[in-house]
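**Q** quick one, what's the 3D model for this:
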Amino acid sequence: MLKQWTIGLLLASVLTACGGQTNHAANPASSTSAAQNSAKIELLNVSYDVMRDFYKDFNPLFIKDYQTKNPNISIDIKQSHGGSSKQALSVANGLTADVVTMNQTSDIELLQKKQLVAEDWQKSFANNAVPFTSITVFLVHKGNPKGVHDWNDLAKDGVKLVIANPKTAGNGRYTFLAAYANALKENGNNQDIAKTFTQKFLKNVEVFEAGGRGATTTFAQRNIGDVLITFENEAHVILQQFGADKFEIVYPKYTIAAENPVAVVTSVTDKKGTTEAAKAYLDYLWSDEAQNLAANFYLRPSKTEVLAKHNDRFPQVETFRANDVFGSWDDIMQTYFADGGVFDQVNKR
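**A** Next comes the predicted model:
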């Protein structure tokens, strides 16, 4: 009996140390009103890896605003970060997120199909639930010793690339689609030429990392590779943390606009009674304060007046949406990134 009691106590201690996430589903009968009137609310934001810095600064702004409007409620935000698609799979497999803030619509569509988020989740917020965007750029060593200026330069002999793995990260998928779309644009939409180009491009990849932040570490800290292909906002993080005297950003003439959709995981929040707070959390991403913060992190705000205010931060580049060139995300994932898809066909490293 003593042994069983000891094991139970140890398990309780482990759960407490892990943040008590099992409590997210502990009271399925509790109502939204009951939770909103309670003394404390805890939300879990499951996001992709390069957004941890933004949300570390965003969360205190939201908490201050929310508690000003709800003085009797204490609210706390937990963060979880990793490769976007791996994070979505974690939620699909039981990670009790209150909200998801991803970099690819298909990651939230996966949760929609599993009835974890609302069918009309994109209508719950402005701009199809995309508070800001980024674009795919190149980060090179200071002085650009390899002379990289556009996508074609990345397929030249002797240029070593570091990218996130398109199989596990939205960052990597945007990279692949941007390279492929550029080849289509330059060659009359010829699929064979596009495949030949991306095959050469992928042969130059020195390291496929699981996510964008891992790719940053490999390139900027481990000093592997000549070019890191990543989001504009992540490239600026590297300049700030490692020094503009070490790296510089190259903007290709034509690149992809990476959309950052958000959604409430209603299957969780309805049980916890945190739906109102979770929606308020995501709504606040469209506040002027949050939009200006996004611009400070080199994320392109969806509010045009805020974007215009920070116009000097964002070079004008011809961009395209993945859906406009390649169809729905279902089609994209099936055609390009499913087992045996185009990516597997041309990845001959």
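**Q** contacts only, for residue 201.
**A** Residues counted as contacts of residue 201 (C-beta atoms under 8 Å, 6 or more residues apart in numbering) are 151, 154, 155, 161, 179. (C-beta placed from N, C-alpha, C; glycine too.)
**Q** for the last one, grab phi and psi.
**A** By that I understand residue 179. Per-residue torsions, residue 179: phi -60, psi -40 (degrees, to the nearest 10).
**Q** that one reaches residue 151, doesn't it?
**A** Yes. Assessed by C-beta atoms under 8 Å, residue 179 is found in contact with residue 151 at 5.5 Å.
**Q** just to revisit the earlier point, show me the contacts of residue 201 that map onto helices.
**A** residue 179 (DSSP state H).
**Q** which residues of the stretch 1-150 of the chain score low on pLDDT?
**A** Applying pLDDT under 70 to the stretch 1-150 of the chain picks out residues 1-38.
**Q** so where do the helices sit in it?
**A** Secondary structure of the stretch 1-150 of the chain (DSSP state H, counting those that start in this stretch): helices at 2-17, 32-36, 52-69, 84-92, 105-113, 126-129.
**Q** and the third one, what does it pack against?
**A** Contacts defined by 3 or more C-beta pairs under 8 Å, 6 or more residues apart in numbering; DSSP states H and E place helix 52-69 against strand 40-48, strand 74-82, helix 275-283, helix 288-296.
**Q** put the alpha carbons of the first one into CSV.
**A** Put plainly, it is strand 40-48. Extracted in CSV, the C-alpha atoms of strand 40-48 (Å, rounded to 0.1, in the frame of the first residue of the first chain):
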residue,chain,number,x,y,z
LYS,A,40,-7.4,32.1,-13.0
ILE,A,41,-7.3,31.1,-16.6
GLU,A,42,-4.4,29.4,-18.3
LEU,A,43,-4.1,29.2,-22.1
LEU,A,44,-1.7,27.1,-24.1
ASN,A,45,-0.6,28.6,-27.5
VAL,A,46,0.9,25.9,-29.7
SER,A,47,2.9,27.6,-32.4
TYR,A,48,5.8,27.1,-34.9
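**Q** on that earlier part again, which one of the helices and strands packed on helix 52-69 lies nearest to residue 250?
**A** In terms of C-beta to C-beta, the element of those nearest to residue 250 is helix 288-296, at 21.1 Å.
**Q** partners of the next helix-or-strand element following that closest one in the sheet?
**A** Reading on from helix 288-296 to the C-terminus, the next helix or strand found by DSSP states H and E is strand 300-301. With DSSP bridges as the test, strand 300-301 is paired with strand 132-141 (antiparallel).
**Q** number of nearby residues for the spatially closest residue to residue 269 that is not a sequence neighbour?
**A** What sits nearest to residue 269 in space, not counting adjacent residues and going by C-beta to C-beta, 6 or more residues apart in numbering, is residue 275, at 4.1 Å. The tally of other residues near residue 275 (other C-beta atoms under 10 Å) stands at 19.
**Q** how near is residue 275 to residue 115?
**A** Distance of residue 275 to residue 115, given as C-beta to C-beta, to the nearest Å: 15 Å.
**Q** now do residue 129
**A** From residue 129 over to residue 115 the distance is 17 Å, taken as C-beta to C-beta.
**Q** could you do residue 338 as well?
**A** For residue 338, the distance to residue 115 (C-beta to C-beta) stands at 22 Å.
**Q** and these two? which has more neighbours close in?
**A** Using other C-beta under 10 Å as the criterion, residue 338 and residue 115 rank with residue 338 on top: 13 against 10.
**Q** phi, psi of that one?
**A** Per-residue torsions, residue 338: phi -70, psi 160 (degrees, to the nearest 10).
**Q** what residues go with each domain of this protein?
**A** 30-131+260-309, 135-257+321-346 (automatic domain parsing).
**Q** mind checking which of those is nearest residue 315?
**A** Nearest of the domains of the chain to residue 315, taken as C-beta to C-beta: domain 135-257+321-346 at 5.3 Å.
**Q** now do the same end-to-end measure for that closest one.
**A** Terminal residues of domain 135-257+321-346 lie 24 Å apart, using C-alpha to C-alpha, to the nearest Å.
**Q** rewinding a little: most packed of the helices and strands packed on helix 52-69?
**A** Highest mean neighbour count among the helices and strands packed on helix 52-69 (mean count of other C-beta atoms under 10 Å): strand 40-48, with a mean of 22.
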